[in-house]
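> Generate coordinates for the sequence data below:
(one chain, ligands or ions: 2)
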Amino acid sequence: MLESGNGCVLQTRTLSKRYGKRLAVNKLDLEVAEGDIYGFLGPNGAGKSTTIRMILTLIRPTEGSVQLFGTDVRSDRAPLARVGGLVEKPDFYNYLSARKNLEIVSALYGSVDKKRIDEVLAIVGLSDRGDDRVKAYSHGMKQRLGIAQALLPDPALLILDEPTNGLDPHGMKEVRELIRRLNAEHGMTIFLSSHLLNEIEQVANRMCILHKGELVVQGTVKELLDKEAVTVRITAEPKEQAASLLQSMDWVNYTGEENGELTCTIAENDLARTNGALIEAGVQVSGFSPRRSLEDYFISITGEAEAL
Ligand SMILES: Nc1ncnc2c1ncn2[C@@H]1O[C@H](COP(=O)(O)OP(=O)(O)OP(=O)(O)O)[C@@H](O)[C@H]1O
Ligand SMILES: [Mg+2]
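Numbers count the residues shown, from 1 in each chain. Ligands and ions are numbered 1, 2, ... in the order given. Below you'll find the model as predicted:
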């Protein structure tokens, strides 16, 4: 991952979008620095795609501004030439080859540079399949072709809206590796939306959480996730004995009982000895689930199944 430079590649100020009564995006202040892989995390309906559409000037904000490379896009659209974007699912002419699809998009940018088409096919690992019709492509290949399309102008900033959506774990890994490579080898700043905390954690250096159109937190992944004290939920029998044992362990901060589970905060290094001490004292531990508080919070807003 590149070190973040000082340059602010993307900045939004009080960016908002209203649809009738619904405030889809509410006063967003985002800051993406040069060299970032910026994770834009939020559950379904949080406002990720709406924000990305405003950044790419596909829709007009109700309020607020977007600056790309220090220029307000309301007054000057030139910086958009340095931005590649893929919003939601890519659309293709399915009966045409991948290469032909890329030629059509290239023509929209002004010229068809065959060399660049070969390059982007190679970057996303589709060189061998470039002449196949898109209808013969797997979902993962279509996602990669979508990224290839966004790469055509050799952008300094690449914006990807849930590029791993619907992919299997292997396909997700391929896209993550591609993102890392684009950042490290091609020097691209990447703005990546996702509804999976785990995915953002693996690939991003900075992140924010969006919930119901509002920014909840923004910062480096390290400061938000790495050094956190861990909240642990413990299911154990007999419960009273487990509770008093936990209270007697000076490295444990026992916080009480919630929905039948005992809760406490413990440093990551002390998890194993806590569990061990309970078992050694003859307590039956049937559940011991450590979670960082941001993870806990995110799971609470997305629903258990989504975030895992
Ligand atoms: N064109 C539109 N007209 C009316 N409401 C819209 C429109 N586009 C989005 N919305 C609403 O704005 C909110 C945010 O939607 P958005 O698509 O930006 O969320 P998202 O974070 O991308 O969600 P997902 O993870 O499902 O893609 C939702 O409540 C949605 O119903
Ligand atoms: Mg979306």
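> Tell me the residues of the stretch 51-200 of the chain that contact ligand 1?
His195 (C-beta under 6 Å from any ligand atom). The way it works is simple: take the backbone N, C-alpha and C, and place the C-beta from them, glycine included.
> mind listing the helices for the stretch 51-200 of the chain?
Shown for the stretch 51-200 of the chain, the helices assigned by DSSP state H, counting those that start in this stretch span residues 98-109, 114-123, 139-151, 169-184, 197-203.
> among those, which is the most enclosed?
helix 139-151 (a mean of 22; mean count of other C-beta atoms under 10 Å).
> Just want the angle from it to helix 169-184.
Angle of helix 139-151 versus helix 169-184, following axes from the mean of the first three to the mean of the last three C-alpha atoms, to 10 degrees, is 20 degrees.
> heads up, I number from 24, so please use that
Let's use 24 as the start, then, which means that last one is helix 162-174.
> Tell me the pLDDT of the nearest residue to Thr187 once chain neighbours are set aside.
Excluding its sequence neighbours, the residue lying closest to Thr187 (C-beta to C-beta, 6 or more residues apart in numbering) is Met195, at 4.3 Å. Listed pLDDT for Met195 reads 92.
> Model confidence for the closest residue to Leu215 other than its chain neighbours, exactly?
Excluding the flanking residues, the one nearest Leu215 by C-beta to C-beta, 6+ apart is Leu183, at 5.1 Å. pLDDT, Leu183: 97.
> try Glu222
At Glu222 the predicted local confidence, pLDDT, stands at 91.
> Tell me, how many residues neighbour the residue lying closest to it once chain neighbours are set aside?
Closest residue to Glu222 apart from its sequence neighbours, by C-beta to C-beta, 6+ apart: Thr187 at 6.4 Å. When neighbours are counted by other C-beta atoms under 10 Å, Thr187 registers 22.
> And Thr187, how far from Glu237?
24 Å (C-beta to C-beta, to the nearest Å).
> do you know how far the residue nearest to Pro113 when sequence neighbours are not counted is from ligand 1?
Spatially, and ignoring its direct neighbours in sequence, Pro113 is nearest to Gly169 (2.9 Å; C-beta to C-beta, 6+ apart). Distance from Gly169 to ligand 1, counting by C-beta to the nearest ligand atom, to the nearest Å: 15 Å.
> ok, which residues in this protein are in contact with ligand 2?
Contact residues (C-beta under 5 Å from the ion) of the chain with ligand 2: 71-72.
> let's see 8 Å
When proximity is defined by C-beta under 8 Å from the ion, the chain lies next to ligand 2 at 67, 71-73, 75, 110-111, 184-185, 216.
> Make a markdown table out of these and add neighbour count.
Listed next are the residues of the chain next to ligand 2 as a markdown table, based on neighbours: other C-beta atoms under 10 Å:
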| residue | neighbour count |
| --- | --- |
| Asn67 | 10 |
| Lys71 | 24 |
| Ser72 | 19 |
| Thr73 | 23 |
| Ile75 | 22 |
| Val110 | 20 |
| Glu111 | 14 |
| Asp184 | 23 |
| Glu185 | 23 |
| Ser216 | 25 |
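> Need the helices of the stretch 74-223 of the chain in CSV (columns: distance to Ile82).
Below are those laid out as CSV (distance: least, C-beta to C-beta, whole Å):
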stretch, distance to Ile82
helix 121-132, 19
helix 137-146, 26
helix 162-174, 18
helix 192-207, 25
helix 220-226, 24
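> Could you list the low-pLDDT ranges of this structure?
For the chain, the stretches with pLDDT under 70 are 24-29, 249-252, 316, 326-331.
> Which residue does it have closest to ligand 2?
Using C-beta to the ion, Ser72 is the residue of the chain that sits closest to ligand 2, at 3.1 Å.
> Roughly how far does that residue sit from ligand 1?
Taken as C-beta to the nearest ligand atom, the span from Ser72 to ligand 1 is 3 Å.
> Equivalent analysis for Ser134, please.
Taking C-beta to the nearest ligand atom, one finds Ser134 at 32 Å from ligand 1.
> tell me the contacts of that residue?
Listed by C-beta atoms under 8 Å, 6 or more residues apart in numbering, Ser134 has no contact partners.
> that older thread, I'd say the residue nearest to Thr187 and Glu222 touch.
Yes - contact criterion C-beta atoms under 8 Å: Met195 and Glu222 qualify, at 6.9 Å.
> and for those two, which residues touch both?
Contacts common to Met195 and Glu222, judged by C-beta under 8 Å, 6+ apart, are Thr187.
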